[in-house]
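Engineer: give the three-dimensional model of this entry:
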Amino acid sequence: MKSLIGRHKEIYELDRCMQSDRSEFVIVYGRRRVGKTFLINEYFNNTFTFRFVGTRNADLETQLENFASTLKEYSNAPFVPKIKSWFDAFDALKKYIKSLKTKKKKVIFFDEMPWMDTHKSGFVSALEYFWNSWADQTGNIVFIACGSATSWIVDKIIKNRGGLYCRTTAHIYLRPFTLAETEQLCNATGFNWDRFQIAQAYMVLGGVPYYYTLLNNKLSLAQNIDALFFSSKNAPLRVEFSELFASLFSNYEKYLAVIDVLSERREGFTRTEISEKTSIVGTGLTTMLENLERCDFIVGYSGYKGGKNNIIYRLCDFYTLFYYHFIEKHRFKDTAFWEKSLDKPVVTSWQGFSFELVCLLHLDQIKNALGISGIATCSTTWRSKDRTSQVDLVIERADRIVNLVEIKFSKNQYVITSEYDLKLRDRMGMFKYETKTRYGVNYIFITTYGVKNANGYSIVGANITLDDLFANL
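Structural biologist: Residues are numbered from 1 along each chain as shown. Okay, here's the model as predicted:
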């Protein structure tokens, strides 16, 4: 496991499963390219009692043929077994495992499991019978089900109301890397980038480990972005988008309709606004929003004191945001577009918004820098009634303090002007008046390199820098 970065909680859970005195049904799921298969392969050193990978868009016959061939390899059988159904497949798997003499736990790894469940295949029913009638009873099976199609994993396995109800014993949900983990990955792969450059890469690629394996450490960051997105119409991360949602969701076109809407406004939209723009209503929209949140594509923030009925949804997947902003809607033909555009207003504006999102996704690091990690907080947003003023991040603390967070991305120390100071004070006054809060209210500044003249303006209650966001918690 030397090559694993981060994933400490996940490794701890796998250790628990291997050391327990019962059979374990483990679910591993998360966004495409986030490293699910890599985690399992590295943890077990690619040594399994049995490992099978589903084939996308393959019919039942092909899936079963592949399963039979794989079983032949593991069992060293002289011929490929005849398997006509998933019940046959699991029965053959059971016979193979029972033939093994070792008393150690047997690890069965089904990768890309959602692809195995083709139309009328009976896969889930066969899995139910295999687990309930035998695997669970043996006490020494670790069955690992993995897949990117999170909606299938949740609906068919975790929320199963049939024979698999409450049968799973461990849920491992893999999230994208934090800035600290991304820094470790960059250092391990020979990139001598400082934290400013790593943050810039993160604002394009997010914390998706696979995307960083595509980078060339002999090129600058700007050259890498051009190579991955703008070098040709078949550039690796230009064509990635067409596969991203199609591989995760059935009826993915409707999911893209929601993503299209959310890409229109950086501040996000309420559920009602999304419904009006997409004509998707009822439980269908609720399920889609839940699935997109589960896959870390969107995040929902409630307005200050607004409750669940005032949730604002916004895109939070950096790759998707970058694609929509610079690929989907503009179709640049310049193969060196990014290198030539670093100082242009369109890039500067995008960096400011993306840095805000980086901060929103590193709330634990922000609380740590403020020294309030042990204090209960509620993070929300706020818009004035006339929508002329807003705060993207409001941290209400149990110690009766409200932090209004200002986020500024800059290549140098940020300088507060007297005009901006007055603007912030007006905004704070409006916030106090409209919310009628009785808590103390102050401003927190999050910048790349700090506020240069912070001592000259009392409006700066605390000053958090990019280094604080790289804290490895």
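Engineer: show me the strands in the stretch 151-300 of the chain, by range?
Structural biologist: Using DSSP state E, counting those that start in this stretch, the strands of the stretch 151-300 of the chain run over residues 170-174, 269-270, 298-302.
Engineer: mind checking how far the first one is from the chain centre?
Structural biologist: What it means is strand 170-174. Computed by CA atoms, centre = their mean, to the nearest Å, the chain-centroid distance of strand 170-174 equals 13 Å.
Engineer: with adjacent residues omitted, what lies nearest to residue 118?
Structural biologist: residue 60 (5.0 Å; CB to CB, 6 or more residues apart in numbering). For glycine as for every other residue, the C-beta is placed from the backbone atoms N, C-alpha and C.
Engineer: isn't the one you found up against residue 117?
Structural biologist: No. Under the criterion of CB atoms under 8 Å, residue 60 makes no contact with residue 117, lying 9.7 Å away.
Engineer: now the closest residue to residue 426 other than its chain neighbours: how far from residue 451?
Structural biologist: In space, and not counting its chain neighbours, residue 426 is closest to residue 389: 7.8 Å by CB to CB, 6+ apart. Distance from residue 389 to residue 451, counting by CB to CB, to the nearest Å: 21 Å.
Engineer: more neighbours: those two, which one.
Structural biologist: Legend: neighbour count by other CB atoms under 10 Å for residue 389 and residue 451, higher for residue 451 (23 against 16).
Engineer: outline the domain layout of this structure.
Structural biologist: The chain breaks down into these domains under automatic domain parsing: 8-174, 177-361, 368-473.
Engineer: make CSV from those and add mean pLDDT to it.
Structural biologist: Below are the domains of the chain laid out as CSV (pLDDT from 0 to 100):
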stretch, mean pLDDT
domain 8-174, 93
domain 177-361, 91
domain 368-473, 93
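Engineer: excluding chain neighbours, what is closest to residue 240?
Structural biologist: Per CB to CB, 6+ apart, closest to residue 240 is residue 319, 7.6 Å.
Engineer: got the buried residues for the longest helix seen in the chain?
Structural biologist: Secondary structure of the chain per DSSP state H: the longest helix is helix 418-435. Using 16 or more other CB atoms under 10 Å as the burial criterion, the residues of helix 418-435 that qualify are 421, 424, 427-428, 430-431, 434-435.
Engineer: for the closest residue to residue 310 other than its chain neighbours, give me phi and psi.
Structural biologist: Closest residue to residue 310 in three dimensions, ignoring its sequence neighbours and counting by CB to CB, 6+ apart: residue 303, at 4.3 Å. Dihedral pair for residue 303: phi -70, psi 160, per degrees, to the nearest 10.
Engineer: any idea how far residue 303 is from residue 268?
Structural biologist: Counting by CB to CB, the gap from residue 303 to residue 268 is 11 Å.
Engineer: same question for residue 333.
Structural biologist: Between residue 333 and residue 268 the computed distance is 31 Å (CB to CB).
Engineer: out of those two, which sits in the busier spot?
Structural biologist: residue 268 (22 against 8).
Engineer: tally of neighbours for the residue lying closest to residue 285 once chain neighbours are set aside?
Structural biologist: Excluding the flanking residues, the one nearest residue 285 by CB to CB, 6+ apart is residue 275, at 5.7 Å. The tally of other residues near residue 275 (other CB under 10 Å) stands at 18.
Engineer: what are the phi and psi values at the residue nearest to residue 299 when sequence neighbours are not counted?
Structural biologist: Counting by CB to CB, 6+ apart, residue 316 is the residue found nearest to residue 299 once chain neighbours are left out, at 4.3 Å. In terms of degrees, to the nearest 10, the main-chain angles of residue 316 are phi -130, psi 0.
Engineer: residue 316: what's it in contact with?
Structural biologist: Going by CB atoms under 8 Å, 6 or more residues apart in numbering, residue 316 touches 296-299, 357, 360-361.
Engineer: which of the residues you listed sit farthest apart?
Structural biologist: 297 and 360 (14.3 Å; CB to CB).
Engineer: of the two, who's got more company?
Structural biologist: More crowded of residue 297 and residue 360, by other CB under 10 Å: residue 297, with 22 against 19.
Engineer: closest one to residue 68 among the strands of the stretch 151-300 of the chain?
Structural biologist: Counting by CB to CB, residue 68 lies closest to strand 170-174 out of the strands of the stretch 151-300 of the chain; the figure is 28.8 Å.
Engineer: and the closest one, which strands flank it?
Structural biologist: Strand 170-174 pairs in its sheet with strand 24-30 (parallel), by DSSP bridges.
Engineer: now do whichever helix or strand comes after the partner strand against strand 170-174, angle only.
Structural biologist: As assigned by DSSP states H and E, the chain's next helix or strand after strand 24-30 is helix 36-43. Orientation check (axes from the mean of the first three to the mean of the last three CA atoms, to 10 degrees): helix 36-43 against strand 170-174 gives 120 degrees.
Engineer: ok, and what's touching helix 36-43?
Structural biologist: So helix 36-43 is contacted by 1, 3-4, 7, 10-11, 14, 28-30, 109, 111, 144, 146-148, 172, 174, 209 (CB under 8 Å, 6+ apart).
Engineer: for PyMOL, write the select line for the buried members of these.
Structural biologist: The PyMOL command for the buried members of the contacts of helix 36-43 (criterion: 16+ other CB under 10 Å) is given here:
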select buried, resi 7+10+11+14+28+29+30+109+111+144+146+147+148+172+174+209
